[in-house]
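> sequence-free structure coming up:
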């Protein structure tokens with residue numbers, strides 16, 4: 001019973017304003033997230049990505065770039081600054 005009490009403390013009742021047509025889907029979504037299992041975590045991450053405008057393809061591309069051999073190599077991307085050259089006009 002103690003774990004149920006702990007779970008109830010973490011939950012909160014929120015009022016959400018929206019279209020009546022969306023009421024059931026929002027309620028179902030909230031219930032699914034409240035389950036707290038791996039599927040809920042995956043759903044939460046996917047929705048957060050969609051809301052933020054990030055695509056899974058972009059995440060895969062970033063992961064691929066991070067696997068490149070030069071990642072972690074202490075490379076300097078700075079270049080020397082000079083004043084340019086003097087020209088006569």
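It's in. As the structure is a computational prediction, the values presented were derived from the model and not from experiment. Numbering: from 1, shown residues only.
> quick one: low-confidence parts of this structure?
When the per-residue scores of the chain are filtered using pLDDT under 70, the ranges that remain are 1-10, 54-59.
> can you give me the helices in it?
Counting by DSSP state H, the chain forms helices over residues 2-10, 23-34, 38-52, 56-66, given from the N-terminal end onward.
> go through those helices and name the closest to residue 79.
When the helices of the chain are ranked by distance to residue 79, counting by C-beta to C-beta, first place goes to helix 56-66 at 21.9 Å. No exception for glycine: its C-beta is placed from N, CA and C like everyone else's.
> can I get the helices of the chain in a markdown table with distance to residue 85 and mean neighbour count?
As requested, the helices of the chain are exported to a markdown table (distance: least, C-beta to C-beta, whole Å; neighbours: other C-beta atoms under 10 Å):
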| stretch | distance to residue 85 | mean neighbour count |
| --- | --- | --- |
| helix 2-10 | 66 | 8 |
| helix 23-34 | 62 | 12 |
| helix 38-52 | 46 | 11 |
| helix 56-66 | 37 | 10 |
